[in-house]
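J.: Provided below are the primary sequence and the corresponding predicted coordinates.
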Amino acid sequence: MAKTQLNVRVDEGTARAARERALARGVSVNRYIEELVMKDTGEAGQAFVEAAADFMKQYESVFTEEFGKESKEHEAR
């Protein structure tokens, strides 16, 4: 994927916090900001949701067999 340069102005406290958080995560400030934006726009979350839906589809019968009985018992009470 091609990269585009984006210049932003933030106060020194925000810049310091970004540098510290990036360092703590072991990533560059650029990568840290990219991850924040991706998280905010839901791209990473959407990938997780799709993977979880595929997983549930694949194992639906197992969950129904295991928890369906218990669920029906709770409904009867």
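T.: Right, received. Where do you want to start?

J.: In which helix or strand does the residue most central in space within the chain reside?
T.: Geometric centre of the chain, nearest residue: Gly45, 4.0 Å, by Cα atoms, centre = their mean. Take DSSP states H and E as the rule and Gly45 turns out to sit in helix 43-58.

J.: which other helices and strands contact that helix?
T.: helix 29-41 (3 or more Cβ pairs under 8 Å, 6 or more residues apart in numbering; DSSP states H and E). (C-beta placed from N, C-alpha, C; glycine too.)

J.: domains of this protein?
T.: With automatic domain parsing as the criterion, the domains of the chain are listed as 1-41, 43-77.

J.: Which of those has the lowest mean pLDDT?
T.: When mean pLDDT is averaged over each of these, domain 43-77 scores lowest at a mean of 74.

J.: And the contacts of the helix or strand encompassing Ala18?
T.: Using DSSP H and E, Ala18 sits within helix 12-25. With contacts defined as Cβ atoms under 8 Å, 6 or more residues apart in numbering, helix 12-25 is touched by Val10, Ser28, Val29, Arg31, Tyr32, Ile33.

J.: what distance separates the helix holding Gly45 from the centre of its chain?
T.: Relative to the mean C-alpha coordinate of its chain, helix 43-58 is positioned 11 Å out (Cα atoms, centre = their mean, to the nearest Å).

J.: so which of the contacts of helix 12-25 is the most crowded?
T.: Tyr32 (19 neighbours; other Cβ atoms under 10 Å).

J.: List the contacts of it.
T.: By Cβ under 8 Å, 6+ apart, the residues touching Tyr32 are Ala18, Arg21, Ala22, Arg25.

J.: what's the burial count for Lys3?
T.: Using other Cβ under 10 Å, the number of residues around Lys3 comes to 7.

J.: ok, now which ones touch it?
T.: Taking Cβ under 8 Å, 6+ apart, one finds nothing in contact with Lys3.

J.: now it, what's its secondary structure?
T.: Of the three states, Lys3 takes coil under DSSP: H, G, I helix; E, B strand; the rest coil.

J.: got the phi/psi numbers for it?
T.: phi -100, psi 150 (degrees, to the nearest 10).

J.: Nice, that's everything, thank you.
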